[in-house]
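In: Sequence first, then the predicted structure:
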Amino acid sequence: MLRLGRRNYVDIRDEFLGRIVHGRSFAEVGGLWGVVNEKASVALQAGASSAAMIDVTLPGTELWVAFRERMRTLGLPPVAELPIDVCQLAQSPDCPVFDVLHCSGVVYHHPSPLVLMLAMRKLTREFLVLTSAVQPEEIQNRHGHFSMPPSGALFVPALNATERLVLSTYWRESAGVESCLGISEPVAWDARDFGPWWWLPTTRALAAMCESCDFTVVAQAPSWNGNASTLLLRAGRC
């Protein structure tokens with residue numbers, strides 16, 4: 001596995017996609033949030049043969065309209081729109097398969113991240129570029145100290161009040177995140193809700209999760225000022 005340090009590029013996700021996507025079919029999972037953070041346009045500009053967006057947002061809503069307009073403004077061809085939960089899509093009898101899949105900012109919002117990864121494995125023919133927020137192994141601030149082993153994955157609903165205060169202060173002051181639902185503010189936990197932050201794995205744990213779902217880690221690099229990890233994954237084990 002190759003681990004990359006800091007480089008003079010804007011986005012490591014674009015770097016990874018640029019290596020692999022030319023001439024290949026591409027799909028993005030959960031890329032509608034914010035619209036401008038989507039990577040379908042990056043893939044098409046890098047030479048992808050086709051692109052699709054898979055997102056649970058209901059069809060015809062504002063985000064889909066904004067996404068369609070963004071593609072038009074960029075002068076890019078239409079992107080196939082699949083308004084469905086990727087886990088449901090993976091269970092369908094006519095489940096599509098794409099050469100390259102991209103998913104960013106979804107894993108830690110999913111109550112069952114391994115179920116999500118297995119669904120994405122089913123849709124991935126060759127490569128997955130995956131990004132997730134990760135938990136630092138040590139946090140120390142004015143509210144206290146929080147630590148976990150390199151192999152750990154933090155289950156957010158289990159935090160006590162002091163731990164939440166330490167972590168919410170870290171994410172606000174060190175990562176610039178004003179609201180991380182479930183940490184910075186209380187939530188009524190419901191395993192059908194994808195809004196809260198459910199799991200925060202360490203960098204090592206995230207890689208191990210991917211490997212347990214039949215991916216091989218080709219490269220892994222920090223992103224979001226070290227508060228997230230981006231992996232270039234090959235489908236199947238070497």
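Out: In hand now; what should we look at? Numbering: from 1, shown residues only.
In: Could you check which helix or strand contains the residue nearest to residue 182 when sequence neighbours are not counted?
Out: Using C-beta to C-beta, 6 or more residues apart in numbering and skipping the chain neighbours, the partner closest in space to residue 182 is residue 196 (3.6 Å). Placement of C-beta: from N, CA and C, glycine included. In this structure, residue 196 is located outside every helix and strand according to DSSP states H and E.
In: Give me the neighbour count for residue 196.
Out: For residue 196, the count of nearby residues is 20 (other C-beta atoms under 10 Å).
In: for the chain, which spans come out with low pLDDT?
Out: Scanning the chain for pLDDT under 70 picks out 1-10.
In: Helices of that one, start to end?
Out: Taking DSSP state H, the helices of the chain run over residues 12-20, 40-45, 62-73, 86-91, 113-123, 161-173, 203-212.
In: out of those helices, nearest to residue 129?
Out: helix 12-20 (4.8 Å; C-beta to C-beta).
In: quick one on the thing from earlier: so the residue nearest to residue 182 touches residue 187, yeah?
Out: Yes: with contact defined as C-beta atoms under 8 Å, residue 196 counts as touching residue 187 (4.9 Å).
In: which neighbours do those two share?
Out: With contacts taken as C-beta atoms under 8 Å, 6 or more residues apart in numbering, residue 196 and residue 187 have residue 181 as neighbours in common.
In: what's the distance between the residue nearest to residue 182 and residue 156?
Out: Relative to residue 156, residue 196 is positioned 7 Å away (C-beta to C-beta, to the nearest Å).
In: Same question for residue 75.
Out: For residue 75, the distance to residue 156 (C-beta to C-beta) stands at 41 Å.
In: Which residue of the two possesses the greater neighbour count?
Out: Neighbour count, other C-beta under 10 Å: between residue 75 and residue 156, residue 156 has more, with 21 against 9.
In: My understanding was that residue 79 contacts residue 71; is that so?
Out: Yes: contact between residue 79 and residue 71 holds when scored by C-beta under 8 Å: they sit 5.7 Å apart.
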